[in-house]
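**Q** Fold the stuff below for me.
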Amino acid sequence: MPEYIRPIVQWDVARPADAQMLAGGRGWFTQVEVLSRSADPSIVAASEVSEEALAALVETRPPIAGMTMDRPRIMGILNTTPDSFSDGGKHNSAEKALQGALRMSDADILDIGGESTRPGAAFVPAEEEILRTVPVIKALRAAGLGQPISIDTRKAAVADAALRAGASLVNDVSGFTFDSDLAPLCARRAAPVCVMHAQGDPKTMQSAPQYEDVLLDVYDFLADQIAMLVDAGVPRSQIVADPGIGFGKTQSHNLALLARLSLFHGLGVPILLGASRKKFIGTIGHQELAEKRMPGSIAVALAALKHGTQIVRVHDVPETAQAIALWQAAVAGCADG
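**A** Now for the predicted structure:
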């Protein structure tokens, strides 16, 4: 049975001479947790890890859509849908979306979505999704917004139209399992991608999701899909992985993933976490209204950064940016992080 290697990430300003730097960033580790489907977890020295496994953990991640991966990056959520669980209807015109984007000036990348992926959401035809997203992307570019733009879609036709309109990255919540034309399109267009894990589709994904081992099952899925993308012509250096918090997962599944999030560095690509305002935050934080889950969302984002996560996808961009700046300063002991 294969072993899975999870770096135990530290951020202390003092580190031993044998510390391994994580993914070209500022986190480091001297120990790893070895996980397996056939044995109990164990903690061993990083020096006992194979050269191949260690290389995947320490190699510097190349820039994605012009963003270096040596510091935390913020992906701002800008849904153009009428029915998204938190911001549905708030940005469903080019003018509203532009105003929303301007409020997200601290975002390193803007994520534009035209199909709600909330639990129970209905399918949206590609033509409708294009009508919702492409005018917004064009308006943002016409207004001079220079941030990278990702298109949150699982359909090749939508991705193609969005890339032509000025999008920079394709973010597929289906993990490139929905549309077989999407991976080849991204390869042809040299578009960076984010591959996310989901069990089932939005309409059914929260109907009693089950896993043998959620952490290892999600890891294996992402590893397989990354290999597929590479075979399709997408360079590994241009792939981001997202464990898909809340997509076909119970609260227990989500927490198991968050507790050992650094495992996914073993994939050799940047990690993105999208947990903003999700139901488990409201449940644990005793807040039914999604728009009032900002404090809990920031807490989860900072916990993810402790694991070395490179990108956090959030609704509350200015507040998250402030929290990250203070987290970095407090950890580094200086204001420039």
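**Q** for this protein, what spans make up the helices?
**A** Here the chain has its helices, by DSSP state H, at 51-58, 94-102, 126-142, 156-165, 182-188, 214-232, 251-259, 279-285, 294-306, 317-332.
**Q** Now distance to residue 18 and mean neighbour count too, for those helices, in JSON lines please.
**A** Placement of C-beta: from N, CA and C, glycine included. Shown next, in JSON lines, are the helices of the chain (distance: least, CB to CB, whole Å; neighbours: other CB atoms under 10 Å):
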{"stretch": "helix 51-58", "distance to residue 18": "12", "mean neighbour count": "15"}
{"stretch": "helix 94-102", "distance to residue 18": "45", "mean neighbour count": "17"}
{"stretch": "helix 126-142", "distance to residue 18": "47", "mean neighbour count": "19"}
{"stretch": "helix 156-165", "distance to residue 18": "44", "mean neighbour count": "22"}
{"stretch": "helix 182-188", "distance to residue 18": "39", "mean neighbour count": "20"}
{"stretch": "helix 214-232", "distance to residue 18": "26", "mean neighbour count": "19"}
{"stretch": "helix 251-259", "distance to residue 18": "26", "mean neighbour count": "17"}
{"stretch": "helix 279-285", "distance to residue 18": "37", "mean neighbour count": "17"}
{"stretch": "helix 294-306", "distance to residue 18": "21", "mean neighbour count": "20"}
{"stretch": "helix 317-332", "distance to residue 18": "21", "mean neighbour count": "17"}
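**Q** Out of these, point me to the one whose mean pLDDT is lowest.
**A** Mean pLDDT per stretch puts helix 94-102 lowest among these, at a mean of 86.
**Q** ok so, going back, output the helices of the chain in JSON lines, with distance to residue 244 appended to each entry.
**A** Listed next are the helices of the chain as JSON lines, based on distance: least, CB to CB, whole Å:
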{"stretch": "helix 51-58", "distance to residue 244": "20"}
{"stretch": "helix 94-102", "distance to residue 244": "24"}
{"stretch": "helix 126-142", "distance to residue 244": "20"}
{"stretch": "helix 156-165", "distance to residue 244": "18"}
{"stretch": "helix 182-188", "distance to residue 244": "17"}
{"stretch": "helix 214-232", "distance to residue 244": "7"}
{"stretch": "helix 251-259", "distance to residue 244": "8"}
{"stretch": "helix 279-285", "distance to residue 244": "13"}
{"stretch": "helix 294-306", "distance to residue 244": "13"}
{"stretch": "helix 317-332", "distance to residue 244": "20"}
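**Q** right, so of these, which gets closest to residue 12?
**A** Each of these has some distance to residue 12 by CB to CB; the shortest is helix 317-332, at 8.4 Å.
**Q** what helices or strands is the closest one leaning on?
**A** Under the contact criterion of 3 or more CB pairs under 8 Å, 6 or more residues apart in numbering; DSSP states H and E, helix 317-332 touches strand 73-79, helix 294-306.
**Q** Residue 249 is nearest to which of the ones you listed?
**A** helix 294-306 (13.9 Å).
**Q** hey, C-alpha coordinates of the closest one in PDB?
**A** Extracted in PDB, the C-alpha atoms of helix 294-306 (Å, rounded to 0.1, in the frame of the first residue of the first chain):
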ATOM      1  CA  MET A 294     -16.800  36.500   8.000                       C
ATOM      2  CA  PRO A 295     -15.000  36.100  11.400                       C
ATOM      3  CA  GLY A 296     -15.200  32.300  11.100                       C
ATOM      4  CA  SER A 297     -14.200  32.400   7.500                       C
ATOM      5  CA  ILE A 298     -11.100  34.400   8.300                       C
ATOM      6  CA  ALA A 299     -10.200  32.000  11.200                       C
ATOM      7  CA  VAL A 300     -10.300  29.000   8.700                       C
ATOM      8  CA  ALA A 301      -8.300  30.900   6.100                       C
ATOM      9  CA  LEU A 302      -5.600  31.700   8.700                       C
ATOM     10  CA  ALA A 303      -5.600  28.100   9.900                       C
ATOM     11  CA  ALA A 304      -5.100  27.000   6.200                       C
ATOM     12  CA  LEU A 305      -2.100  29.400   5.900                       C
ATOM     13  CA  LYS A 306      -0.500  27.700   8.900                       C
END
